[in-house]
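Novice: show me how the following folds:
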Amino acid sequence: MSVIELIVFWGAVALALVGAVGMVSARNPVHSALFLLANFLALAIIFLLLSAPLIAALQILVYAGAIMVLFLFVIFFFVSPGQRFALSYSLPLQNALAGLVVMVLIAVILTGLFFGGVFSAAEHPQSAAAVQATLTSPRELGKALFARYLLPFELTSLLLLAAMLGAVALARRGNDDGKPGGGE
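Specialist: Sure, this is the predicted structure:
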């Protein structure tokens, strides 16, 4: 291992330990879920260092994405309407930093779309058999998913997000007595 890999590894180990201890010791369930998210991301970094990019991507997509959304959904579903988990603190320049992060993410997505050939009219669509023949390895699957099929992949995630928000809105409707499921 090189010196940089060792630094990244020990940083990821420290982040995983802080995330694990913070998850167990946090009194607020939302904070606990966010510490768990930090732990998941640290594990993805460790998988990358172990030359397992597919497992790292699955760690981020499945655990840090889908499972964390499920955890937060369950936490907010069972919180009574009068109970609030509002943050009593804020970081200096928090809004400016959030805006910068959003702009960087948009730039990364647009760069991926551009280099993936989405904006190029020169590419011709392939037949389904030709596409299936090229997606035989995890590397090729990852390239296709995050380059050529990035837009449908992201639209699917937005569809799932809209479905989740609709489920939350339906569960909260008519909830007058503080019990989940419409107060019946």
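Novice: mean confidence score for stretch 29-47?
Specialist: The average pLDDT within stretch 29-47 is 88.
Novice: same thing with stretch 151-170?
Specialist: Over the span of stretch 151-170, the pLDDT mean works out to 75.
Novice: so how far is it from its chain's centroid?
Specialist: The chain centre lies 13 Å from the centre of stretch 151-170; the measure is CA atoms, centre = their mean, to the nearest Å.
Novice: that one: which residues count as buried?
Specialist: With burial defined by 16 or more other CB atoms under 10 Å, not one residue of stretch 151-170 is counted as buried. Quick note: C-beta positions are derived from backbone N, CA and C, even for glycine.
Novice: which residues touch that stretch?
Specialist: Applying CB atoms under 8 Å, 6 or more residues apart in numbering, the contact partners of stretch 151-170 are G65, V69, F73, F76, F77, I109, L113, V118, L145, F146.
Novice: next, name the residue at the spatial heart of this protein.
Specialist: In the chain, the residue lying closest to the centroid (CA atoms, centre = their mean) is G65, at 3.3 Å.
Novice: can you tell me the SS state at that one?
Specialist: Of the three states, G65 takes helix according to DSSP: H, G, I helix; E, B strand; the rest coil.
Novice: which pair of the contacts of stretch 151-170 spans the longest distance?
Specialist: Spatial extent of these (CB to CB) is set by the pair F77 and V118 at 36.7 Å.
Novice: hmm, back to that, nearest residue to the residue nearest to the centre of the chain in space, ignoring adjacent ones along the chain?
Specialist: Excluding the flanking residues, the one nearest G65 by CB to CB, 6 or more residues apart in numbering is S157, at 7.8 Å.
Novice: which strand or helix spans the one you found?
Specialist: Using DSSP states H and E, S157 sits in helix 150-172.
Novice: tell me the mean pLDDT for stretch 57-69?
Specialist: 82.
Novice: just to check, A33 is in contact with V69?
Specialist: No. In this structure, A33 is not within contact of V69 by CB atoms under 8 Å, at 9.9 Å.
Novice: what are the ranges of the helices in this structure?
Specialist: 3-25, 29-49, 53-58, 68-77, 94-115, 128-134, 138-143, 150-172 (DSSP state H).
Novice: single out the most deeply packed of the ones you listed.
Specialist: helix 29-49 (a mean of 18; mean count of other CB atoms under 10 Å).
Novice: what helices and strands are in contact with it?
Specialist: helix 3-25, helix 53-58, helix 68-77 (3 or more CB pairs under 8 Å, 6 or more residues apart in numbering; DSSP states H and E).
Novice: could you tell me the angle between it and helix 68-77?
Specialist: Here helix 29-49 runs at an angle of 170 degrees relative to helix 68-77 (axes from the mean of the first three to the mean of the last three CA atoms, to 10 degrees).
Novice: which residues are in contact with helix 29-49?
Specialist: Contacts of helix 29-49 (CB under 8 Å, 6+ apart): 5, 8-9, 11-13, 15-16, 18-20, 22-24, 26, 53, 55-57, 59-60, 63-64, 67-68, 71-72, 75, 85.
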